[in-house]
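In: 3D, please:
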Amino acid sequence: MQRFPRESKASFGAEAESLPDDVVVGQVLAGNVQAFEVLIRRYNQRLYRLARGILSDDQDAREAVQESYVKAYLSLDGFRGPGGFATWLYVITRNQAFSMLRHRQREVPMEMPTMENILDDTSLLDVPDPEEALESERLGKTLQHAIDRLPDAFRIVFVMRMVQGMSVRETAEILDLNEKTVKTRLFRARRMLRERFKGYLQGASAHVYEFAGRRCDALTAAVMARIAALGAGSMETRK
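Out: This next block holds a predicted model:
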């Protein structure tokens with residue numbers, strides 16, 4: 001198994017937020033389970049946006065992220081670092097979210113809509129007028145409402161590229177798609193939204209699917225409680 005840098009528990013304090021992922025992983029594997037909270041807080045926003053983009057539902061997304069953290073914790077000794085922890089965590093979350101989506105759809109394969117159906121979909125217009133929500137945060141909520149109505153395949157690519165700011169290569173790797181497909185789906189998603197939001201699209205994207213404050217704290221506490229319930233020996237048995 002890959003060896004990770006390990007800091008003493010005594011030195012692991014507030015400065016932990018700036019430590020590389022592999023150092024924090026090493027701490028967890030060394031028995032400092034509380035160090036896992038650093039990783040949860042570090043990735044909460046990003047994983048929530050990924051899950052929310054797939055599931056288009058707040059509660060389902062939070063459940064997917066929580067389950068993903070627990071799975072990551074239980075599989076932590078299988079992570080082959082030192083780099084790539086973020087991608088590893090993204091893939092776990094992607095798989096969990098898509099599993100939940102398939103279950104929700106009762107195993108019905110997701111059909112890609114035709115361009116004719118996309119352009120005729122008036123439900124995307126059933127959102128407040130951007131002129132009535134000029135503040136960027138309010139406009140972000142308006143855009144979020146419209147993004148939720150995008151077809152599943154388009155929504156997740158839009159969120160990863162436009163909201164998360166990921167590259168085409170990163171998006172393709174995490175979603176297990178080719179880069180051409182990523183570009184095509186982003187183009188179609190933007191086309192569906194562009195007429196409604198025009199020049200607001202780029203700026204408002206930063207305020208889509210925000211996950212911080214009490215929501216972040218609550219999810220972090222829930223994950224750590226579940227990990228604590230697993231028992232202190234859960235990590236020791238894998239050493």
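
In: Which parts of this structure are strands?
Out: With strands called from DSSP state E, the chain shows none.

In: could you list every residue that touches residue 48?
Out: 61, 62, 65, 209, 211, 219 (C-beta atoms under 8 Å, 6 or more residues apart in numbering). (C-beta placed from N, C-alpha, C; glycine too.)

In: can you list the domains in the protein?
Out: 19-106+211-236, 115-207 (automatic domain parsing).

In: Just the helices from this protein, written as ranges.
Out: All helices of the chain, identified by DSSP state H, fall at 21-29, 36-55, 58-74, 85-104, 115-120, 136-148, 152-158, 168-175, 179-197, 201-204, 213-230, 233-236.

In: on that earlier part again, name the nearest of the contacts of residue 48 relative to residue 97.
Out: residue 61 (7.4 Å; C-beta to C-beta).

In: pretty sure the closest one contacts residue 44?
Out: No: using C-beta atoms under 8 Å, residue 61 is not in contact with residue 44, being 11.1 Å away.

In: Neighbour count: these two, which is higher?
Out: residue 61 (24 against 21; other C-beta atoms under 10 Å).

In: so what's that one scoring on pLDDT?
Out: Per-residue confidence at residue 61 stands at 96 (pLDDT).

In: Could I get the contacting residues of it?
Out: Residue 61 touches 48, 51, 52, 54, 55, 97, counting by C-beta under 8 Å, 6+ apart.

In: Of those, select the buried ones using a PyMOL command.
Out: Entered in PyMOL, the line below selects the buried ones among the contacts of residue 61, by 16 or more other C-beta atoms under 10 Å:
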select buried, resi 48+51+52+54+55+97
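
In: Without its sequence neighbours, what residue ends up closest to residue 188?
Out: residue 154 (5.7 Å; C-beta to C-beta, 6 or more residues apart in numbering).
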